[in-house]
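J.: From the sequence below, what's the structure:
(chains A and B)
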2 protein chains.
Amino acid sequence: MSEVYAARRTRLRERCHAGGSAAALVTRPANVRYLAGASPHGAVLLLAKHEDLLLCQSPPDDRPYEGRPDETLRVQVLPHPPGGDPAVAAADLAQSQGADSLAVEEHHLTVARHRALASVATRLRLADLGSAVEQLRVVKDEEEISNLRIGAEIADQALGELLESILVGRTERHLALELERRLVDHGADGPAFPTSVATGPNAGRRGHRPTDRRVEEGDFLSVCLGAAYRGYRCEIGRTFVIGTSPADWQIQLYDLVFAAQRAGREALTPGATCRDVDRAARQVLDSAGFAERLQPLTGHGVGLEIDEDPQLAPSAMGKLDACVPVTVEPGVHLPGRGGVRIDDTLVVRPEADGGPELLTITTKELLAL
Amino acid sequence: MSEVYAARRTRLRERCHAGGSAAALVTRPANVRYLAGASPHGAVLLLAKHEDLLLCQSPPDDRPYEGRPDETLRVQVLPHPPGGDPAVAAADLAQSQGADSLAVEEHHLTVARHRALASVATRLRLADLGSAVEQLRVVKDEEEISNLRIGAEIADQALGELLESILVGRTERHLALELERRLVDHGADGPAFPTSVATGPNAGRRGHRPTDRRVEEGDFLSVCLGAAYRGYRCEIGRTFVIGTSPADWQIQLYDLVFAAQRAGREALTPGATCRDVDRAARQVLDSAGFAERLQPLTGHGVGLEIDEDPQLAPSAMGKLDACVPVTVEPGVHLPGRGGVRIDDTLVVRPEADGGPELLTITTKELLAL
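T.: As a prediction, this is how the structure comes out:
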């Protein structure tokens, strides 16, 4: 694995040099992990003139399942405060090695922290690294996709087991906790994000936080969960009906959202623009009169974070590449009545390879539980 | 409750005016919640010349158990991006109302976001609000302390139930998940922070993330958990021995940490300096030769966040006031052997009121389970 991290750092270094900076300081934890193999609490990565250095305050093996740093990388453990901020120590070091400029992540560093860096590294010009690392992270290698695939299998298993149990009378919170326990049972590091379980009038709300509402006969039940596996986070969302026979409005709404979600999935091809994929899903709902209720996006990238580039949204720029994992997750929520959300994680693949690879394979038939 | 939030905003406004700013923009979520009663995702609070305004992107009732905004506060829900960042919209509004300066939280705003504000509000001088809100948050009112007290009761109950179950053979991860489920069973919003369960050689490590290691006979088992209740977060940590009779070294180490923790608790009086409280606990361990292994702090404030001011640390500035809740949590970890950590949440109270109020009342005898 060491070569993978070293190669990523080489690519970043090339971008930096092209941008006129000899050195770069990476502070955003997911970016540090991507380039170093681990991001112990507070760790920062310095790509300096002659070597790469991970600076942290705790020993890097402090968190067993959070990954270990690339063994070829030099690691320096700083004393705790008042020993100071590893980012400040890194800037000081870059300056002492004769760098004249340092690119930093201005979208992650706070104003106060940036000022602390500037006050120590007075001979350094601080430049902006922008989202260079986030851009490198968009296209995944097969190792990363394999981690996402295993995470998706785990989420499918946890969800499948829940569906076999009695649901009526249990609260959203308890169902969410049970799902999270099952994720860990099946080998997840933990949930990829707070598990959402929404019943009745809550069903279909994006990111709904579980409440004490209990599952009732006739409810829609929508569930969104994901597993973190070796740091990689996937997402699956399904909606069910509680009871023996769904009402007509439930069947109609479900079929509509299903059609929108399928349209989005089918639009996932290398070279497709993000806004076209979004439009494919969105126009199915629009044409049925649900435009105003629609969320700002119908999907997003996943990886070391659950919400990464690209965004599948009306104003999104850019195109999809092969090996980019994204969610496709349109939904409709009717205030007071509930709604439907269907969410898969897929990997964009060329048609010659069989088209988009579906990672979350739980059925999308409307199940009555 | 509305008057409470309005009074807090009045105090902040007075501090701002004293600092020369007519308007303030609060972005750090816990600070927004403290002043507004809720912090819907992405919400910011503008204290402007003539009124206070909560700007957010989602309807403020989106998250049922995250609190609701003060009803006297005007709430403005912005369209999702590209509608933009509520902080930028707030700066624009402050400028259009004729403010000449705006104090912002430079320790929370990123460099990129600060620049976006500055580019919109070109006639505004952006000043630094510093940690003015965090300072207001240090001393709690009785309503806040009551929330912490209920959270501590919930954590005590969850821990008590765990101790009645069979522990040998179960993994750290499963025990942690079970504790979190029990917290929610007893009415917590959720865990106050990721529950730590550490066995054998892991025992006694601060912030240990649970692994797949199973509890064995003869282990130290250290547990640290807390409940979030109405947004307030407490903390309790205990260490146990697994099996019928602790080894001599285990008894000695436990007695030592217990003595240090008691010394820290007894030093909690209004007017005591934070560093003296830290020293009281620390010197017990120092004199037994454990100085180098000691963590950077022996306690910290709790409230809407699990780690707030004040810090109980050798370099800490400032004194304790009455009605400040803090943890006292010294520990010793011996590499390869494990260790002991004992952690309580207490409220500083004057001696006339009975001295420090212990919120987490689970026994601190060394239990063999």
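J.: residues near residue A:190, how many?
T.: Neighbours of residue A:190 under the rule other CB atoms under 10 Å in any protein chain shown: 19. C-betas here are computed from N, CA, C, even on glycine.
J.: My reading is that residue A:326 lies in a strand. Confirm?
T.: Yes: checked against DSSP: H, G, I helix; E, B strand; the rest coil, residue A:326 lies within a strand.
J.: which bits of the stretch 101-250 of chain A sit near chain B?
T.: Residues of the stretch 101-250 of chain A that fall close to chain B, judged by CB under 8 Å from any CB of the partner chain: A:104, A:106-115, A:128, A:173-174, A:177-178, A:180-181, A:184, A:205, A:207, A:209, A:211.
J.: Show me where the stretch 151-300 of chain A has its strands.
T.: A:190-191, A:196-199, A:220-225, A:227-229, A:232-233, A:236-241, A:299-301 (DSSP state E, counting those that start in this stretch).
J.: Turn those strands into a markdown table, including distance to residue B:71 and mean pLDDT.
T.: As requested, the strands of the stretch 151-300 of chain A are exported to a markdown table (distance: least, CB to CB, whole Å; pLDDT from 0 to 100):
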| stretch | distance to residue B:71 | mean pLDDT |
| --- | --- | --- |
| strand A:190-191 | 34 | 92 |
| strand A:196-199 | 26 | 97 |
| strand A:220-225 | 30 | 98 |
| strand A:227-229 | 39 | 96 |
| strand A:232-233 | 37 | 98 |
| strand A:236-241 | 33 | 98 |
| strand A:299-301 | 34 | 97 |
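J.: closest to residue B:142 out of those strands?
T.: With CB to CB, the closest approach to residue B:142 among the strands of the stretch 151-300 of chain A belongs to strand A:196-199: 34.6 Å.
J.: Partner strands of that closest one, with direction?
T.: Using DSSP bridges, the strands paired with strand A:196-199 are strand A:220-225 (antiparallel).
J.: Can you pull out the residues in contact with the strand it pairs with?
T.: With CB atoms under 8 Å, 6 or more residues apart in numbering or on different chains as the test, strand A:220-225 has contacts from A:155, A:158-159, A:162, A:167, A:175-176, A:179-180, A:183, A:191-192, A:195-200, A:203-205, A:207-208, A:215, A:235-242, A:250, A:331, A:338-341, A:343, A:369.
J.: May I see the PyMOL selection of the buried members of the residues you listed?
T.: Buried subset of the contacts of strand A:220-225, written as a PyMOL selection, criterion 16 or more other CB atoms under 10 Å in any protein chain shown:
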select buried, chain A and resi 155+158+159+162+167+175+176+179+180+183+191+192+195+196+197+198+199+200+203+204+205+208+215+235+236+237+238+239+240+241+242+250+331+338+339+340+341+343+369
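J.: Relative to the whole chain's centre, how far out is stretch A:3-13?
T.: Distance of stretch A:3-13 from its chain centroid, counting by CA atoms, centre = their mean, to the nearest Å, is 21 Å.
J.: Pull out the buried positions in that stretch.
T.: For stretch A:3-13, burial by neighbour count (16+ other CB under 10 Å) applies to A:5, A:8, A:9, A:12, A:13.
J.: Quickly name whichever of the residues you listed is closest to residue B:45.
T.: Among the buried residues of stretch A:3-13, and counting by CB to CB, the member closest to residue B:45 is residue A:12, at 37.3 Å.
J.: Would you check how far apart the closest one and residue A:71 are?
T.: From residue A:12 across to residue A:71, the span is 19 Å (CB to CB, to the nearest Å).
J.: Among the contacts of strand A:220-225, which ones are in helices?
T.: Residues of those located in helices (DSSP state H): A:155, A:158, A:159, A:162, A:175, A:176, A:179, A:180, A:183, A:250.
J.: about what we covered before: can you say which of the residues of the stretch 101-250 of chain A next to chain B are buried?
T.: A:104, A:106-114, A:128, A:173-174, A:177-178, A:180-181, A:184, A:205, A:209, A:211.
J.: Report the residue spans of the stretch 201-350 of chain A with pLDDT below the cut-off.
T.: Within the stretch 201-350 of chain A, the segments meeting pLDDT under 70 span A:292-294.
J.: Which residue does it have closest to chain B?
T.: Closest approach between the stretch 201-350 of chain A and chain B, counting by CB to the nearest CB: residue A:296, at 3.6 Å.
J.: Show me the beta-bridge partners of residue A:214.
T.: Per DSSP bridges, the residues bridged to residue A:214 are residue A:171.
J.: Correct me if wrong: it contacts residue A:169.
T.: Yes: using CB atoms under 8 Å, residue A:214 is in contact with residue A:169, at 5.5 Å.
J.: Would you mind telling me which of the two has more residues around it?
T.: residue A:214 (16 against 10).
J.: the domain parsing of chain A - what is it?
T.: A:2-136, A:139-358 (automatic domain parsing).
J.: Just the terminal-to-terminal distance for stretch A:259-272.
T.: Distance across stretch A:259-272, first residue to last, is 19 Å (CA to CA, to the nearest Å).
J.: Which of the residues in stretch A:256-276 are classified as buried?
T.: Neighbour counts over stretch A:256-276 (16+ other CB under 10 Å) mark A:256-265, A:267-270, A:272-275 as buried.
J.: can you tell me which residues contact the residue nearest to the spatial centre of chain A?
T.: In chain A, the residue lying closest to the centroid (CA atoms, centre = their mean) is residue A:306, at 1.6 Å. Neighbour list for residue A:306: A:192, A:193, A:226, A:233, A:235 [criterion: CB under 8 Å, 6+ apart].
J.: For the second one, which residues are in contact?
T.: By CB under 8 Å, 6+ apart, residue A:193 lies in contact with A:226, A:233, A:235, A:306.
J.: And it, how far from chain B?
T.: Separation of residue A:193 from chain B (CB to the nearest CB, to the nearest Å): 13 Å.
J.: and that residue, backbone torsions?
T.: Dihedral angles of residue A:193 (phi, psi; degrees, to the nearest 10) stand at phi -170, psi 170.
J.: what does the model give it for pLDDT?
T.: pLDDT, residue A:193: 95.
J.: Would you reformat the contacts of residue A:193 as CSV and include distance to residue B:289?
T.: Shown next, in CSV, are the contacts of residue A:193 (distance: CB to CB, whole Å):
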residue, distance to residue B:289
A:226, 47
A:233, 44
A:235, 50
A:306, 46
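J.: which residues touch residue A:204?
T.: When contacts are counted by CB under 8 Å, 6+ apart, residue A:204 touches A:198, A:220, A:222, A:239, A:331, A:332, A:333, A:334, A:338, A:339, A:340, A:341.
J.: Mind listing the residues bridging to the third one?
T.: Beta-bridge partners of residue A:222, counted by DSSP bridges, are residue A:198, residue A:239.
J.: do the helix or strand where residue A:24 lies and chain B meet at all?
T.: Here residue A:24 sits within strand A:23-26, counting by DSSP states H and E. No: using CB under 8 Å from any CB, we find that strand A:23-26 stays clear of chain B, coming within 12.5 Å at best.
J.: Residue A:154 contacts residue A:184, correct?
T.: No: assessed by CB under 8 Å, residue A:154 is found out of contact with residue A:184, at 9.1 Å.
J.: Contact residues of the stretch 251-369 of chain A facing chain B?
T.: Counting by CB under 8 Å from any CB, the residues of the stretch 251-369 of chain A lying close to chain B are A:295, A:296, A:313, A:315.
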